[in-house]
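Asks: Sequence isn't available, so here's the structure alone:
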């Protein structure tokens, strides 16, 4: 079978049943796979009023047509659900050994619903799924769980104590390092009493046109080698290469985004990580870039930290003790928590303390309290239990919502939008909340990829952002990594899709698919009660200019960009897709069915 | 230094030696290199388009530098160069695809300046370690060389000199092209038996004027 396997594995944990279904070819062609297929499944199967931690929510692990195919970065996989953190439709994405094995077991998707009465783990093979008791695994940290289920030719996803305890930003680990990180997907898995899933498979996907596939693949490899970002910067330093660079631009957040530069950036930089902590470099499956770091602090070795984790557990907390930051990152990996939301919510608590709203020792700069705090969150002890609910709920609890650096409940990544107007618009309009991976403007606004734009200009950014949002959606849906987009563009994706699936795709077909998926996610969020008022940013970014650094004096001009954004998208002034737009995207009928349902 | 980059970047573009986003330039200052940003437009360089990075060691600015940094570094590490210009001059690139291993200028200026310009080839041509190795070898003996089908790398103690070699090579290649084209045209006309193609009478008489 070429391209997609066209098979979906279903599991109902309440019933204790599993079965295999065919996936309609038309759905795959329209939604591509991965995030697109996941969005379709959540949209059609999970009513927005569903309790995200209840038995009707689903976990939809969805592969793209490229997942498990030997192309640059062909090892990505997506996971869609209704997020308990944001209440939005949500997809998490990772460089996934599990996704590859699931694909090689013959499945484009694994969809899990229900709640098991007791802890279980799932075994996936080409024959289907088996449910096993997991009483002995429950309570274990992720490395121990992975070790216990280790088997040749397989890969495991699992949750740690944070997921078991339903921390709203608990993650799901892929093997021991990579994660489906954001949005509390680990809490959804924990709520289902599902500790782990092991997939075993070895049947590689067929290729429809081997000659074209080989040549496009060869050319893609050449482009990855030719770009200093993908052949030198990321392989040599990992994503932490961005610490000094973002600091120079004045967009490295510190003290919960009260500042856009950090005087101790050099101490937590990619350069220092390489010189003093790096043990070896690594890569996701079939990735020639290899941004993964294996580092060591004391006796402990682990993966990371990524740039985002350094910001969240470091500069944002005014902590520059790199040993502590890296150890906190290891701890998050072991207990299964999203480092961004974890750190950003601790930063929120620290600002509440600074503003006199919260009586705690947890203050900016308290590196000595970080590890204990992270552990308290995972086990919901003391203040940790409040932080475990994310910054939005925490700040509202203390009647100071403005200090929560979040959009739609999702905490910010490590780019202050006051130095990147387009990034500000991205955060406000992303369907899963404040996320840089839904249409990252880092390339055009700071790195010159594909071309350098004026980062402080707001006019015209909406049009560019929309295209990038669609491209990012496509990348998430076909099963590749966004970093490869530093080197290759949409035309490569179209040619690869055509050669692998045998379905003719041109660049504009993929853009249209990206737009379709984006609008479908939007429709879901509208049904869930989100409005244009939620396409917003914390007031800090709109009213408080940065005082120093490379972006001093700037705020985000959101209103003018947002009006353009809605207009360019063919949405009403209150952000609702027009009927004409839905018809053009082939979504009108689906929307009607859901309304009637 | 920025003014030097701006001046020669603009000159070289407006002389047609590279496309809007093609080419790159650098200078060496001790153990540091200042190189144009990837994707920068040579005709419109601004402060943020000149990126500083180590001669040997990478740092975070590697995310911004020209993709040819690997070649520039190899050249600086193996030659006495203090400035490098890399362009895609069309006449020289075209000629590089018709000669075996060197361009031999036929005009007087080019002959004095270059004598010969080596032409080398590799499978990958952009940001390539193979090119870096060859470039370092070539530029120990020559001040400019051509990478077949891609472009030239030239060196000098200052940007002006490196720019001059590119500009002069392109001029020599233009003269070569015009000369060969005219010679071929004359041969074709002679072979056709049409005699010289005239637009007015008394052609021969003008010789005695």
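Replies: Looks like it came in fine. Source: prediction; values computed, not measured.
Asks: Just the closest residue of the stretch 451-597 of chain A to chain B, please.
Replies: In the stretch 451-597 of chain A, the residue that lies nearest chain B is residue A:451 (5.9 Å; CB to the nearest CB). Just so you know, the C-beta spots here come from the backbone N, C-alpha and C atoms, and that holds for glycine as well.
Asks: Give the buried residues for the top helix by length along chain B.
Replies: Longest helix in chain B by number of residues, with DSSP state H as the criterion: helix B:159-192. Judged by neighbour count using 16 or more other CB atoms under 10 Å in any protein chain shown, the buried positions of helix B:159-192 are B:159, B:161-177.
Asks: Kindly report the same for stretch B:66-80.
Replies: Buried positions in stretch B:66-80, judged by neighbour count with 16+ other CB under 10 Å: B:66, B:67, B:68, B:69, B:70, B:71, B:72, B:73, B:74, B:75, B:76, B:79.
Asks: What of stretch B:83-101?
Replies: For stretch B:83-101, by 16+ other CB under 10 Å, it's B:83-93, B:95-96.
Asks: Which ones among the residues you listed lie within strands?
Replies: If you go by DSSP state E, the buried residues of stretch B:83-101 have B:83, B:84, B:85, B:86, B:87 in strands.
Asks: for the chain, what are the low-confidence residue spans?
Replies: Using chain A. Counting by pLDDT under 70, the ranges of chain A that qualify are A:1.
Asks: looking at chain B here, not the other one
Replies: B:195-197.
Asks: Which stretches in it count as strands?
Replies: With DSSP E as the criterion, chain B has strands spanning B:24-29, B:32-36, B:50-54, B:83-87, B:102-103, B:117-120, B:144-147, B:151-156.
Asks: Give me the contacts around the shortest one.
Replies: In this case it means strand B:102-103. Defining contact as CB atoms under 8 Å, 6 or more residues apart in numbering or on different chains, one finds that strand B:102-103 is touched by B:92, B:95, B:96, B:116, B:117, B:118, B:119, B:146, B:169, B:172, B:173, B:176.
Asks: and it, which strands flank it?
Replies: Strand B:102-103 has the following sheet partners, assigned by DSSP bridges: strand B:117-120 (antiparallel).
Asks: State whether residue A:20 is indeed within a helix.
Replies: No. Under DSSP: H, G, I helix; E, B strand; the rest coil, residue A:20 sits outside any helix and is assigned strand.
Asks: ok, now how distant is residue B:76 from chain A?
Replies: Residue B:76 sits 16 Å away from chain A, taking CB to the nearest CB, to the nearest Å as the criterion.
Asks: how about the nearest residue to that residue, chain neighbours excluded?
Replies: residue B:28 (4.9 Å; CB to CB, 6 or more residues apart in numbering or on different chains).
Asks: tell me the contacts of the one you found?
Replies: Residues in contact with residue B:28 (CB under 8 Å, 6+ apart) are B:34, B:55, B:76, B:81, B:82, B:83.
Asks: Can you report how many residues neighbour the closest residue to the fourth one other than its chain neighbours?
Replies: Nearest residue to residue B:81 in three dimensions, chain neighbours excluded: residue B:155, at 3.6 Å (CB to CB, 6+ apart). Applying the criterion other CB atoms under 10 Å in any protein chain shown, we find 26 residues in the vicinity of residue B:155.
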